[in-house]
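Colleague: I would like the atomic coordinates for the input below:
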Amino acid sequence: MRMRAAVLLVAFVTLLVAGCDGGDEGREAAGRILFHSGREGNLDVYVMNADGSEQTPLTDNPADDFAPAWSPDGSRIAFTSMRDDNLEIYVMNADGSGQTRLTDNPAADLAPAWSPDGSRIAFESDRDGNLEIYVMRGDGSELTRLTDDPGADGSPAWSLDGLRIAFSSNRDGNAEIYVMSDDGTGQTRLTDNPAPDGAPVWSPDGSKIVFHTLREGNLDVYVMNADGSNQRRLTDNLAKDSSPVWSSDGSKVVFVSDRDGDDEIYIMDANGSGQTNLTSNPANDGWPAWSPGGPGG
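Modeller: Got it, this is the predicted structure:
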């Protein structure tokens, strides 16, 4: 039941309100993809090479661990866990060691996203009665709310310069993509479509945002300029294509698709060509996150 609750909450948030040089460990992580998978009966965080090889679990807990995010230097991973009987943000080393809780609140805290300098983590929480975006230091201290709206705000994603955060909100009656400054000011809508738009992620050079949308009647991956112009479709499949993430050099996009009967992690070129299944497992795999370093490592 806890796994089902976690999956449903993540799916709801992602759809409706809704990616420097470290030490040796960070360099070793380059060119790898994090994801969560239910292949062992509950959700755990996994890592694999960018070609889909060496799929390895990083967490092994009876509760659900999901929605992983790399730190910018590749040395740490933030993730969401149900191991405390409610959704909390955890952090661990890139090899899965040192799993530590950062949030401790009866409300749901989830969808962590590191700032480019690794000093802060943005996330979504309903601790004030509805979903809002918060930010905290990398150790869980100095918690600050960035949004304060009766609508649901979630899916935060930092621009590479750390000055802006893209997010999803249904404050206008429909899920749209917004952008704001890193202090929460200047909240501006980028999309305006009757269908829900969600899960925005900036390109490494800051010029584009990839996202998913229901505007074609099923979930597809789209890309647009950072100012919301030139919105165009990258996937065109009757199945669900969602949760896109750029490689750190901007040449590739990983995403989730159920075109083979269950959720799998796919990869494609940034123009939508060369769509290839990476995971090919009977269980559901989701929430990809590409490590620093790009497809070549």
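Colleague: low pLDDT regions in the protein?
Modeller: 1-30, 293-297 (pLDDT under 70).
Colleague: now do 50
Modeller: 1-30, 294-297 (pLDDT under 50).
Colleague: so where do the helices sit in it?
Modeller: 2-12, 24-29 (DSSP state H).
Colleague: roughly how far out does stretch 177-187 sit from the chain middle?
Modeller: Relative to its parent chain, stretch 177-187 has a centroid offset of 18 Å by CA atoms, centre = their mean, to the nearest Å.
Colleague: Dump the C-alpha coordinates for that stretch into CSV.
Modeller: Extracted in CSV, the C-alpha atoms of stretch 177-187 (Å, rounded to 0.1, in the frame of the first residue of the first chain):
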residue,chain,number,x,y,z
ILE,A,177,5.1,25.7,-16.7
TYR,A,178,6.4,28.8,-14.9
VAL,A,179,9.8,30.3,-14.1
MET,A,180,11.0,32.3,-11.1
SER,A,181,14.1,33.7,-9.6
ASP,A,182,15.9,31.5,-7.1
ASP,A,183,14.5,33.6,-4.3
GLY,A,184,10.9,33.0,-5.5
THR,A,185,10.4,36.5,-7.0
GLY,A,186,9.3,37.2,-10.6
GLN,A,187,7.0,34.2,-11.1
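Colleague: Same question for it: list its buried residues.
Modeller: Ile177, Tyr178, Val179, Met180, Asp182, Gly184, Gln187 (16 or more other CB atoms under 10 Å). Where you see a C-beta, it was placed from the backbone N, CA and C, and this is true even at glycine.
Colleague: Disregarding flanking residues, what is the spatial nearest neighbour of the third one?
Modeller: Leaving out its chain neighbours, the residue that sits closest to Val179 by CB to CB, 6 or more residues apart in numbering is Ala166, at 5.0 Å.
Colleague: Dig out what that neighbour forms beta bridges with.
Modeller: Ala157, Val179 (DSSP bridges).
Colleague: In contact with it, which residues?
Modeller: Applying CB atoms under 8 Å, 6 or more residues apart in numbering, we find Ala166 in contact with Pro156, Ala157, Ser159, Ile177, Tyr178, Val179, Leu190, Pro200, Val201, Trp202, Ile209.
Colleague: and if we set it to 7 Å?
Modeller: Ala157, Ile177, Val179, Pro200, Trp202, Ile209 (CB atoms under 7 Å, 6 or more residues apart in numbering).
Colleague: ok, of those, which one's closest to Gly140?
Modeller: Ala157 (20.2 Å; CB to CB).
Colleague: Isn't Pro116 up against Gly162?
Modeller: Yes - counting by CB atoms under 7 Å, Pro116 touches Gly162, with 4.5 Å between them.
Colleague: ok, back up a step: now tabulate the contacts of Ala166 in JSON lines and tack on distance to Ser280.
Modeller: Shown next, in JSON lines, are the contacts of Ala166 (distance: CB to CB, whole Å):
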{"residue": "Ala157", "distance to Ser280": "28"}
{"residue": "Ile177", "distance to Ser280": "31"}
{"residue": "Val179", "distance to Ser280": "36"}
{"residue": "Pro200", "distance to Ser280": "28"}
{"residue": "Trp202", "distance to Ser280": "29"}
{"residue": "Ile209", "distance to Ser280": "29"}
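Colleague: State the pair within those residues that is farthest apart.
Modeller: Most distant of those, by CB to CB, are Ile177 and Trp202, 11.2 Å apart.
Colleague: Identify the contacts common to those two.
Modeller: Ala166, Ile209.
Colleague: Please identify the buried residues of stretch 105-117?
Modeller: Ala108, Asp109, Leu110, Ala111, Pro112, Ala113, Trp114, Ser115, Pro116.
Colleague: And stretch 192-208, by the same measure?
Modeller: With the criterion 16+ other CB under 10 Å, stretch 192-208 contains buried residues Pro196, Asp197, Gly198, Ala199, Pro200, Val201, Trp202, Ser203, Pro204, Lys208.
Colleague: again with stretch 122-133
Modeller: Ala122, Phe123, Glu124, Ser125, Asp126, Arg127, Leu131, Glu132, Ile133.
Colleague: repeat for stretch 274-285
Modeller: Gln275, Leu278, Thr279, Asn281, Asn284, Asp285.
Colleague: cool, stretch 148-158 as well?
Modeller: The neighbour-count check on stretch 148-158 (16+ other CB under 10 Å) flags Asp149, Gly151, Ala152, Asp153, Gly154, Ser155, Pro156, Ala157, Trp158 as buried.
Colleague: Likewise for stretch 157-172?
Modeller: Buried residues in stretch 157-172 (16+ other CB under 10 Å): Ala157, Trp158, Ser159, Gly162, Arg164, Ile165, Ala166, Phe167, Ser168, Ser169, Asn170, Arg171.
Colleague: All good on my end, thank you.
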